[in-house]
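[1] dropping a prediction and its sequence here:
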Amino acid sequence: MLAATASLALWHLRRDAVESQKRELGLLSLALTDAIERGLGGAEEGLHDLRGELRQGGVPLKGDDAMQALRVRARLMPLVQTVWLVDRGGQVIAASDATPLPDLRSFAPSLDGLPADAVSMSRPFVDPQQGKEPLIALAVPLQDIPGHSGVWLLGAMPAKSLLGAFRAALSAADARVLVLRADGARLSGENVGEPTHDEASVARRLAHRPVIEVRRFQNGPESLVAVRSVPRFGVKVLVSRELGAALLSWREAAEGAVIALALLLAVMAAAVQLVLRANRKRSEAQRSLDAQLIRASRLESLGTLAGGVAHDFNNVLAGIIGFGEMAQDGATPGTPQARHLDKVLKAAQRGKALVERILAFSKGGARASTVFELESVIEEVLALLSASLRPGVVLERILEAPAGHLRGDPTQAFEAVMNLCTNAMQAMPQGGMLSVQLRREHVGSARVLSHSALAAGDYLALAVSDQGGGITPGVMEHLFEPFFTTRGAQSGTGLGLAVVHGVVAEFGGAIDVRSTPGHGARFTLYFPECFDTAAAPQSASDAGPFGAGQTVLVVDDEPTLVGLVEELLQGLGYAPVGFTSSADALQALRDNPARYAAVITDEVMPSLSGTQLTEALRAFAPNLPVLLLTGYGGAQLAQRAAAAGVSRVLSKPLQRGELARVLADVLR
């Protein structure tokens with residue numbers, strides 16, 4: 001079976017190689033024929049133009065003036081180097097130089113009776129004074145001129161000029177070209193002698209279509225032959241290559257295939273055992289892959305479940321923190337009640353931090369959507385790392401993206417950079433170079449990275465490299481799974497890279513990891529660059545956090561949270577109007593949009609989500625500030641909120657001080 005398959009494959013390869021060589025030879029013959037037709041046509045056109053001048057008496061016919069005039073006109077004709085004016089008796093009336101006249105009997109068709117619109121071509125002839133380079137001549141008839149009856153106008157050109165750039169176009173030593181007249185007389189050629197009977201017969205077989213075939217000439221080697229014609233001048237062009245030379249690369253491949261087949265048959269018995277062993281390993285790998293798919297599905301389901309639980313838990317924490325802060329305001333400082341409320345609020349804050357970590361896995365924890373400079377965040381991380389570098393670790397920074405902005409939560413970006421740098425240092429217990437690079441990169445077309453797909457666009461590329469032990473292929477497959485770690489329980493929890501993956505996904509970016517075991521690793525994060533202007537930091541002289549009676553619309557499907565936010569706003573000096581239905585809230589805004597100074601809305605609601613509500617109200621209230629509250633909004637919430645026109649994204653549970661500052665800022 002192997003031998004039959006190899007033979008069939010080699011036969012197909014040989015057929016394809018022959019067809020490819022036929023196409024190449026056909027194109028070459030077509031180009032050569034076209035060049036000959038254009039060259040002879042240009043010479044004929046020049047002779048016709050000169051004939052017109054002679055008829056009008058514009059060219060002298062005697063003496064040096066005649067020679068000079070014909071010499072000038074010969075230089076203007078393509079390929080032509082000598083021009084004669086000859087009468088029917090074979091006498092030269094005038095010539096451009098002293099080149100001997102060709103034998104008038106060598107022309108075909110015969111000059112006698114040559115029609116006025118026809119052209120005749122001579123056999124090659126040699127000028128003894130100019131060397132052995134043969135010439136050919138074209139002749140056109142000319143009507144009688146004073147003193148002469150029956151005149152022909154002849155132009156001579158080098159026979160080699162018909163071949164043009166044949167040798168440059170096909171440099172193979174076995175390539176042959178033959179240019180024949182209609183009667184079989186050779187006009188020019190390359191690597192050939194006088195045309196053989198077979199070559200002449202092949203050329204004569206040509207009617208009005210080209211011939212490309214495999215032939216053997218007079219017991220010689222098989223050759224690929226292409227034949228074309230120039231009907232206007234009765235010229236046939238034959239181009240050929242030896243088939244053996246054209247198939248040299250195929251022959252080498254065939255010899256290699258035969259040797260490989262022999263070796264393969266020699267080790268077939270051992271190969272059977274290897275195949276059986278490989279089949280067992282494949283079955284084990286398939287079982288392992290099935291287990292990985294089940295585990296990945298379970299983790300994905302866990303992330304979705306965690307996001308939903310986090311949303312409801314944040315609503316619970318929001319009530320605890322909000323009402324706890326108001327109860328704390330009413331408690332007498334130093335009393336047991338005040339201390340107990342303080343502990344309640346601290347416990348709620350720990351719960352909030354835990355929810356944020358869970359949301360990082362489910363890629364739904366966007367707490368802000370601001371425009372910030374990434375380089376300043378990296379500088380802050382490196383400043384902290386510089387103070388805690390272990391001995392032997394050298395920090396290299398190459399930051400080449402000044403004023404490069406991102407839209408999202410700068411705290412998440414800080415956490416991602418810090419986790420990468422911390423992992424890189426832990427990978428080098430004996431010391432080494434920790435390199436942090438930031439650059440701009442334009443991606444012209446989509447790419448597939450090691451762990452993500454990267455769409456076309458403009459990115460800020462952050463690369464963190466180490467000189468540690470590298471990452472094995474097995475570890476690379478699980479690199480960003482939550483709780484996966486190669487370190488012991490005392491030195492790693494497996495959460496760092498999972499958080500990095502969630503942060504990059506939230507920003508709409510991609511991750512690429514390159515590593516060779518024993519030669520370190522390089523993590524590259526691609527963040528979509530934002531070209532909006534970064535928000536100016538709030539100064540101490542800005543307006544205070546209390547309102548001046550402005551009406552604020554509050555929307556949440558939880559009545560308890562609506563009541564909580566209303567109480568917080570009343571305490572801050574605002575006039576809140578609460579709704580538990582986003583559809584009713586949208587109708588109220590549509591009825592009187594000028595009544596409201598701002599809108600505070602939850603994201604996840606049954607009828608319209610917070611981003612959908614914002615998109616709808618932008619049609620009639622384009623400048624109304626909107627604060628979006630979220631306990632869990634799904635992946636890339638910050639980008640969706642910015643696209644909808646949300647002014648700020650706030651994370652649940654909401655604290656009174658944060659609400660006061662943000663609301664005062666957007667109203668200002």
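    Happy to help now that I have it. Since we're looking at a predicted model, the values are computed, not measured.
[2] which residues in the stretch 151-300 of the chain form helices?
    166-169, 197-205, 243-246, 248-266, 268-330 (DSSP state H, counting those that start in this stretch).
[3] and residue 286, what pLDDT?
    For residue 286, the pLDDT comes out at 74.
[4] please apply the same query to residue 534.
    Value listed for residue 534 in the pLDDT field: 66.
[5] low-confidence ranges in the stretch 301-450 of the chain?
    Within the stretch 301-450 of the chain, the stretches with pLDDT under 70 are 301-312, 314-315, 350, 352-369.
[6] any chance you could map the helices in it?
    Assigned helices in the stretch 301-450 of the chain, in chain order: 336-362, 374-386, 410-426 (criterion: DSSP H, counting those that start in this stretch).
[7] hey, which of those is tucked in deepest?
    helix 410-426 (a mean of 21; mean count of other Cβ atoms under 10 Å). (Glycine included, C-beta is placed from N, CA and C.)
[8] lowest-confidence helix or strand of this protein?
    helix 197-205 (a mean of 58; mean pLDDT, DSSP states H and E).
[9] leaving out sequence neighbours, find the closest residue to the residue sitting nearest the centre point of the chain.
    Nearest residue to the geometric centre of the chain (Cα atoms, centre = their mean): residue 445, 3.9 Å. Distances taken as Cβ to Cβ, 6 or more residues apart in numbering put residue 456 closest to residue 445, at 5.5 Å, once the chain neighbours are dropped.
[10] let me see the contact set for that neighbour.
    Going by Cβ atoms under 8 Å, 6 or more residues apart in numbering, residue 456 touches 443-446.
[11] touching, residue 467 and residue 425? I think so.
    No: using Cβ atoms under 8 Å, residue 467 is not in contact with residue 425; the gap is 11.0 Å.
[12] just how off-centre is the helix or strand hosting residue 33 within its chain?
    Element membership of residue 33 [criterion: DSSP states H and E] is helix 2-55. Relative to the centre of its chain, helix 2-55 is centred 36 Å away, using Cα atoms, centre = their mean, to the nearest Å.
[13] could you check the angle helix 248-266 makes with that helix?
    180 degrees (axes from the mean of the first three to the mean of the last three Cα atoms, to 10 degrees).
[14] next SSE downstream of helix 2-55?
    Following helix 2-55 toward the C-terminus (DSSP H and E): helix 63-75.
[15] how near is the closest residue to residue 532 other than its chain neighbours to residue 642?
    Counting by Cβ to Cβ, 6+ apart, residue 371 is the residue found nearest to residue 532 once chain neighbours are left out, at 4.9 Å. Going from residue 371 to residue 642 by Cβ to Cβ, to the nearest Å gives 9 Å.
[16] okay, those two: which has more neighbours?
    residue 642 (19 against 16; other Cβ atoms under 10 Å).
[17] I'd say that one and residue 407 touch.
    Yes: between residue 642 and residue 407 there is a contact under Cβ under 8 Å: 5.8 Å.
[18] verify the stated contact: residue 645 with residue 625.
    No: taking contacts as Cβ under 8 Å, residue 645 lies outside contact range of residue 625: 10.0 Å.
[19] so which of those two has more stuff around it?
    Higher neighbour count among residue 645 and residue 625: residue 625, with 20 against 16, using other Cβ under 10 Å.
[20] quick one: residues contacting that one.
    When contacts are taken as Cβ under 8 Å, 6+ apart, residue 625 is in contact with 597-599, 647, 666-667.
[21] including pLDDT, could the residues you listed go into JSON lines?
    Output for the contacts of residue 625, formatted as JSON lines (pLDDT from 0 to 100):
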{"residue": "597", "pLDDT": "89"}
{"residue": "598", "pLDDT": "91"}
{"residue": "599", "pLDDT": "92"}
{"residue": "647", "pLDDT": "86"}
{"residue": "666", "pLDDT": "88"}
{"residue": "667", "pLDDT": "86"}
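[22] can you flag which of those belong to helices?
    666-667 (DSSP state H).
[23] any idea how far the nearest residue to residue 389 once chain neighbours are set aside lies from residue 465?
    Nearest residue to residue 389, sequence neighbours excluded (Cβ to Cβ, 6+ apart): residue 395, at 6.2 Å. For residue 395, the distance to residue 465 equals 11 Å [Cβ to Cβ].
[24] could you do residue 516 as well?
    Counting by Cβ to Cβ - residue 516 and residue 465 are separated by 12 Å.
[25] who has more neighbours, those two?
    residue 465 (21 against 11).
[26] output the longest strand belonging to this protein.
    strand 432-443 (DSSP state E).
[27] tell me which residues in that strand are buried?
    Buried residues in strand 432-443, counted by 16 or more other Cβ atoms under 10 Å: 432, 434-438.
[28] distance of the nearest residue to residue 107 once chain neighbours are set aside from residue 178?
    Of all residues not flanking residue 107 in the chain, residue 120 sits nearest, at 4.4 Å (Cβ to Cβ, 6+ apart). For residue 120, the distance to residue 178 equals 21 Å [Cβ to Cβ].
[29] which of the two has more residues huddled nearby?
    residue 178 (26 against 21).
[30] wait, doesn't the more buried one sit right on residue 185?
    No: with contact defined as Cβ under 8 Å, residue 178 does not reach residue 185; the gap is 11.1 Å.
[31] how many neighbouring residues does the residue nearest to residue 215 when sequence neighbours are not counted have?
    Using Cβ to Cβ, 6+ apart and skipping residues adjacent in sequence, the residue nearest residue 215 is residue 225, 5.1 Å away. Burial of residue 225 is recorded as 26 neighbouring residues (other Cβ under 10 Å).
[32] to residue 480, which of the helices of the stretch 301-450 of the chain lies closest?
    Across these, residue 480 has its closest neighbour in helix 336-362 (10.3 Å, Cβ to Cβ).
[33] what's around the nearest residue to residue 416 once chain neighbours are set aside, how many residues?
    Of all residues not flanking residue 416 in the chain, residue 503 sits nearest, at 4.2 Å (Cβ to Cβ, 6+ apart). Residue 503: 27 surrounding residues under other Cβ under 10 Å.
[34] per-domain residue ranges of the protein.
    When the chain is parsed with automatic domain parsing, its domains come out as 19-256, 269-362, 370-528, 551-667.
[35] nearest to residue 7, of those?
    Nearest of the domains of the chain (Cβ to Cβ): domain 19-256, 9.6 Å.
[36] need the distance between the two termini of the closest one.
    22 Å (Cα to Cα, to the nearest Å).
[37] off-centre distance for that domain?
    Centre-to-centre, domain 19-256 and its host chain are 49 Å apart (Cα atoms, centre = their mean).
[38] enumerate every residue touching residue 45.
    Taking Cβ under 8 Å, 6+ apart as the definition, residue 45 has no contacts.
[39] per-residue pLDDT of it, please?
    Note on residue 45: pLDDT of 91.
[40] got it, and the one 10 residues further on?
    Looking at residue 55, its pLDDT reads 80.
[41] ok, it to residue 153 distance?
    Distance from residue 55 to residue 153, by Cβ to Cβ: 11 Å.
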